[in-house]
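In: coords please:
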Amino acid sequence: MPFLKKRLLNTIALALACAGLWGCGLFDEDVTTVVDGVRSHGSLIAILDDSLAILKNSRGWEEHAESCDYNETCDKGTMNHGIFLVNYRNKQQPYWGDTAKGIYHIMNGLAYDSTVFFYNDENEFGFWKIRKSIDVRGKMKWSEDCNGEKNIQNVRPWNKGNILLEGAQKCPFAVLDTATGIVTKLEFTSEYAWLEGCDDITYIDGDIVCLRQRNDRLCEINFEKSEGVVDSLIKSEWMLFDPPEFYGNAVKLKASSFDKNDHAYDFGDRLALIWGKGFLFKEYPEIWVKGNDFVDSAGISVGYSSEDLVVTR
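Out: Predicted coordinates for the structure are as follows:
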């Protein structure tokens, strides 16, 4: 304890001494950026249909300098991001894949059909459509009641060609006007009052739709529109540990079961496809997401490593 206290006092003294000097190693030092030579495994952005998914990957980077290495506070992140169109039922070379230079934060979910949303550290936003180049549109202009551009977690399509941002600070749901870049909080009042309490929201085929879990933990979920419930997904022997969420044209459920013969026993994210007015839970063979792999009812696993995700443009 006396040794730690003495080292802390020496560090403070050194910092104070360097306040008026250069070259002390704390404020004027060489910084080296190390970039991973191997890209990350593919992780799921969105499900498109009964066999196609969009995956993303990137390279990790980390800055190193004497002071931050000592305190384990060096900056790090990801860069050189890529998106890939793959078959999640039968592993094969991606149908399309590309990467971009620089640092982009690619959000989960779809902005439009086969199009993902991103923003960068300059607060610029844009879109990246499969088989197209990355498209930077302009800066996001956050209203005072949101102020949370660094905390976006997911994106969803919205009406009038706009985008719904989920997870921003002070704004669990916020609408990005794609023409002006203005971001405003989605208030659950007036025509949107019925959305209060929804677990997730999106825009499908000209309608705003809502996922609402009917019980605290049980797998009983309503698929709602403004006129009321249009479909329900009920599997009362399953428990949910996270709220349901849209993943492109699918709903992702983190389910568990007490039945050892059930795929949900080992925890997994069940994908229920959406088509038209509701769920397609039984029409297609079941698919689970476990880690970065897709697993079907026969236990066959399909995953895409960094080596599998090749650029095809």
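In: only C-alpha atoms from now on, for both contacts and neighbour counts.
Out: Noted.
In: ok, A255 touching L240?
Out: Yes. With contacts counted by CA atoms under 8 Å, A255 reaches L240, the gap being 4.7 Å.
In: check contacts around G299.
Out: Under the criterion of CA atoms under 8 Å, 6 or more residues apart in numbering, the contact list for G299 is empty.
In: neighbour count winner among A255 and L240?
Out: Comparing A255 with L240 by other CA atoms under 10 Å, the one with more neighbours is A255, at 25 against 21.
In: report the set of residues contacting both of A255 and L240.
Out: Both A255 and L240 are contacted by C219, under the criterion CA under 8 Å, 6+ apart.
In: how close does S40 get to T78?
Out: Applying CA to CA, to the nearest Å, the value for S40 to T78 is 10 Å.
In: give the bridge partners for the most centrally placed residue in the chain, please.
Out: Relative to the mean C-alpha position of the chain, the nearest C-alpha, by CA atoms, centre = their mean, is the one of N108, at 3.1 Å. With DSSP bridges as the criterion, the beta-bridge partners of N108 are N154.
In: how about the helices in the stretch 1-150 of the chain?
Out: Counting by DSSP state H, counting those that start in this stretch, the stretch 1-150 of the chain forms helices over residues 2-18, 66-71, given from the N-terminal end onward.
In: comparing those helices by mean pLDDT, which bottoms out?
Out: When the helices of the stretch 1-150 of the chain are ranked by mean pLDDT, helix 2-18 comes last with a mean of 39.
In: next, the buried residues of stretch 98-112.
Out: Buried positions in stretch 98-112, judged by neighbour count with 16 or more other CA atoms under 10 Å: 98-99, 103-112.
In: ignore the last one, stretch 306-313
Out: 309-310.
In: got it, and stretch 246-259?
Out: For stretch 246-259, burial by neighbour count (16+ other CA under 10 Å) applies to 246-257.
In: with stretch 217-236 instead?
Out: Burial within stretch 217-236, assessed by neighbour count using 16+ other CA under 10 Å, is assigned to 218-225, 229, 232-233.
In: skipping its backbone neighbours, what lies nearest P244 in space?
Out: Once its chain neighbours are removed from consideration, P244 has its nearest residue in L253; the separation is 5.1 Å (CA to CA, 6 or more residues apart in numbering).
In: so which strand or helix has the one you found?
Out: Element membership for L253 (DSSP states H and E) is strand 250-256.
In: send the alpha carbons of that strand over as PDB?
Out: Presented in PDB, the C-alpha positions along strand 250-256 are these (Å, rounded to 0.1, in the frame of the first residue of the first chain):
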ATOM      1  CA  ALA A 250     -36.900 -11.300 -39.300                       C
ATOM      2  CA  VAL A 251     -37.600 -11.100 -35.600                       C
ATOM      3  CA  LYS A 252     -34.800 -12.200 -33.300                       C
ATOM      4  CA  LEU A 253     -35.800 -13.800 -30.000                       C
ATOM      5  CA  LYS A 254     -33.300 -14.800 -27.300                       C
ATOM      6  CA  ALA A 255     -35.100 -17.900 -26.100                       C
ATOM      7  CA  SER A 256     -34.400 -20.600 -23.500                       C
END
